[in-house]
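Novice: got a predicted structure plus its sequence, pasted below:
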Amino acid sequence: MISTVRGVHDILNQDTPTWQYLEATARRVFAQYGYGEIRTPIFEKSELFARAVGATSDIVEKEMYTFADRGGDSLSLRPEGTASVVRAFINNSMHRTLPWRVYYMGPMFRYERPQKGRQRQFHQIGCELFGPQGPLADAEVMAMVMAFFAEAGVVGNLVLEINSLGCGECRGPYREKLLTFLKANQETLCENCLNRMERNPLRVLDCKKATCGEVAKAAPHMPDHLCGVCSEHFAGLKSHLTILEQPFVHNPLMVRGLDYYNRTAFEVTTDALGAQNAVAAGGRYDGLVAEMGGQSTPAIGFAMGLERLVLLLQQNRVVVPTVTVYLVAVGDGADGAGLYLAEQLRRAGLKVEMNLNQGSMKSQMKRAGRSEAPITAIIGESEVGTKSVVIKNMVNGEQETVAIAGAVDFVNSLIENIKRMDHGADR
Ligand code: HAM
């Protein structure tokens, strides 16, 4: 038997409704903010990621799926979406039509150690906004991420963490200060941090090892060393978030694993997923377009991990049912009446599953429960005689007998009631 590759999973039909629900919610919310969808290739020239994400980043150094094609070109499966969107921005001269707002969704690939919430093939939904330079854009992007979580019903003590990583002006001098401090404390640092200290001292700040964490806490922090412009930008962002009544935490130790960021960086974290606690992450990358050969254009974006969002929904028992009505038919003549009613309900646009294996009332009701459908329609022998059907609200257990002729209208109004009772019912 051949299994899937380690860290790579099938998404089965019972789970896809949750995925589609999250994707549909993202499309709806992002459209409200003026974003349109972009679809970029799954693989690109390796050089694109080396230049955009950073040749010394963990992603490019250790995690890319890179191969030579038959013509000898080095290609890589995309480890993230921003590099391709920037390439598309430049290739299509989108600087002529700023602001440019796009979103994307799809698989990404990183050779990481698989664990809960971390796969080698995973899925992101991301957004990129090109053009605006000020903190208003940062605040709008964060408001959109949080609106998405609220609209999708994703809970799990979500915290919006923000930081400023400075710019070309202030990051260099800060980096030197940090490096001096780290060198003075190097006997306390782990092997990995010692190795990358010279190349990328900022990454030491988010090392998960407790001893490095202590050093990080005592180290000089970027926000205390920002230049005037960066400092004003960060203050502007905080004030806009306050106006939006959007709670946030300033985490001065947050650095990002991709090299293209400047000024604003942010993450949305949860305490419900263990070590892989970031459900969304992003920031500004004002220098990247120019660095990649385009006309200098400020930009900001973020991406969220879909697997992690699905886990959060499942943990909170937010189920997205495949069907709305589960139809149970037991006894003489009941299957014919059931078949007829199921078709009437489908013609009215409802998702209906009829039990096709017959079986006892008890076993069919068990299946109805397992289907997670919010409504069960039950036809037994007595209902056949009276041309009626029992409609059961599976959310509160109440049931009522109604005429088959009025069943579609009754079910439709019940769905509206359930939606009011439990916002999740129409998912
Ligand atoms: P990132 O922090 O590398 O940023 O990934 C964003 C999100 O993707 C993470 O917060 C996490 O939810 C999810 N994710 C990342 N790696 C994995 C994995 N191995 N398994 C499951 N989920 C994962 C970026 O990718 C940037 N391109 C975001 C961005 C867009 N910045 C600006 N624009």
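Specialist: Yep, that arrived.
Novice: just give the number of residues close to residue 409.
Specialist: 11 (other C-beta atoms under 10 Å). Glycine gets a C-beta too; all of them are placed from N, C-alpha and C.
Novice: go on, residue 296?
Specialist: By other C-beta under 10 Å, neighbour count at residue 296 equals 11.
Novice: what parts of the stretch 251-400 of the chain come near the ligand?
Specialist: Proximity of the stretch 251-400 of the chain to the ligand (C-beta under 6 Å from any ligand atom) is limited to residues 257-258, 278-283, 301-305, 307-308.
Novice: out of these, which are inside helices?
Specialist: The members of those that map onto helices under DSSP state H are 307, 308.
Novice: of the residues of the stretch 251-400 of the chain next to the ligand, just say which sits nearest to residue 47.
Specialist: residue 258 (16.1 Å; C-beta to C-beta).
Novice: for that closest one, which non-adjacent residue is spatially closest?
Specialist: residue 53 (5.1 Å; C-beta to C-beta, 6 or more residues apart in numbering).
Novice: wait, the one you found touches residue 63, no?
Specialist: No. Judged on C-beta atoms under 8 Å, residue 53 makes no contact with residue 63 at a distance of 9.8 Å.
Novice: higher neighbour count, these two?
Specialist: The residue with more neighbours, out of residue 53 and residue 63, is residue 53; 23 against 17, by other C-beta under 10 Å.
Novice: got a list of what the residue nearest to residue 258 touches?
Specialist: 59, 60, 79, 80, 82, 83, 258, 259, 260 (C-beta atoms under 8 Å, 6 or more residues apart in numbering).
Novice: nearest to residue 343, of those?
Specialist: Using C-beta to C-beta, the contacts of residue 53 come closest to residue 343 at residue 80, 46.6 Å.
Novice: name the nearest residue to the closest one, sequence neighbours excluded.
Specialist: Closest to residue 80 by C-beta to C-beta, 6+ apart is residue 108, at 5.7 Å.
Novice: next up, phi/psi of the residue nearest to residue 258, please.
Specialist: phi -80, psi -30 (degrees, to the nearest 10).
Novice: check the spacing between it and the ligand real quick.
Specialist: 8 Å (C-beta to the nearest ligand atom, to the nearest Å).
Novice: filter the contacts of residue 53 down to just the buried residues.
Specialist: For those, a burial check counting by 16 or more other C-beta atoms under 10 Å picks out 59, 60, 79, 80, 82, 83, 258, 259, 260.
Novice: for stretch 153-170, measure first residue to last.
Specialist: 40 Å (C-alpha to C-alpha, to the nearest Å).
Novice: cool, stretch 186-199 as well?
Specialist: In stretch 186-199, first residue to last residue: 15 Å (C-alpha to C-alpha).
Novice: what mean pLDDT does that stretch have?
Specialist: Stretch 186-199 shows a mean pLDDT of 89.
Novice: double-check residue 332 against residue 384; I have them as touching.
Specialist: Yes. In this structure, residue 332 is within contact of residue 384 by C-beta under 8 Å, at 6.9 Å.
Novice: higher neighbour count, these two?
Specialist: Each of residue 332 and residue 384 has its neighbours counted (other C-beta under 10 Å); residue 384 has more, 21 against 10.
Novice: and that one, what helix or strand is that in?
Specialist: Residue 384 belongs to helix 381-386 when assigned by DSSP states H and E.
Novice: right, and the helix or strand after that helix?
Specialist: strand 388-393.
Novice: partner strands of that next one, parallel or antiparallel?
Specialist: Next to strand 388-393 in the sheet, as set by DSSP bridges, lie strand 375-379 (antiparallel), strand 399-403 (antiparallel).
Novice: in the last one, which residues are buried?
Specialist: Across strand 399-403, burial judged by 16+ other C-beta under 10 Å covers residue 402.
Novice: what about it, distance to the chain center?
Specialist: Relative to the chain's own centre, strand 399-403 is displaced by 41 Å; criterion: C-alpha atoms, centre = their mean, to the nearest Å.
Novice: follow-up on the earlier one: turn the strands paired with strand 388-393 into a markdown table, columns for distance to residue 248 and mean pLDDT.
Specialist: Output for the strands paired with strand 388-393, formatted as a markdown table (distance: least, C-beta to C-beta, whole Å; pLDDT from 0 to 100):
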| stretch | distance to residue 248 | mean pLDDT |
| --- | --- | --- |
| strand 375-379 | 41 | 97 |
| strand 399-403 | 47 | 97 |
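Novice: how many neighbours does residue 354 have?
Specialist: That count, for residue 354 with other C-beta under 10 Å as the rule, works out to 21.
Novice: no no, residue 68
Specialist: 10.
Novice: correct me, but it touches residue 74?
Specialist: Yes. Using C-beta under 8 Å, residue 68 is in contact with residue 74, at 5.8 Å.
Novice: hmm, back to that, pLDDT and secondary structure for the buried ones among the contacts of residue 53 - can I get that in JSON lines?
Specialist: Below are the buried ones among the contacts of residue 53 laid out as JSON lines (pLDDT from 0 to 100; DSSP: H, G, I helix; E, B strand; the rest coil):
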{"residue": "59", "pLDDT": "93", "secondary structure": "helix"}
{"residue": "60", "pLDDT": "92", "secondary structure": "helix"}
{"residue": "79", "pLDDT": "98", "secondary structure": "coil"}
{"residue": "80", "pLDDT": "98", "secondary structure": "coil"}
{"residue": "82", "pLDDT": "98", "secondary structure": "helix"}
{"residue": "83", "pLDDT": "98", "secondary structure": "helix"}
{"residue": "258", "pLDDT": "85", "secondary structure": "coil"}
{"residue": "259", "pLDDT": "85", "secondary structure": "coil"}
{"residue": "260", "pLDDT": "92", "secondary structure": "coil"}
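Novice: can you redo those residues as a markdown table with distance to residue 134?
Specialist: What follows is the buried ones among the contacts of residue 53, written out as a markdown table (distance: C-beta to C-beta, whole Å):
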| residue | distance to residue 134 |
| --- | --- |
| 59 | 29 |
| 60 | 31 |
| 79 | 30 |
| 80 | 25 |
| 82 | 20 |
| 83 | 25 |
| 258 | 23 |
| 259 | 23 |
| 260 | 19 |
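Novice: out of these, which comes closest to residue 42?
Specialist: The closest of the buried ones among the contacts of residue 53, once distances to residue 42 are taken by C-beta to C-beta, is residue 79, at 11.1 Å.
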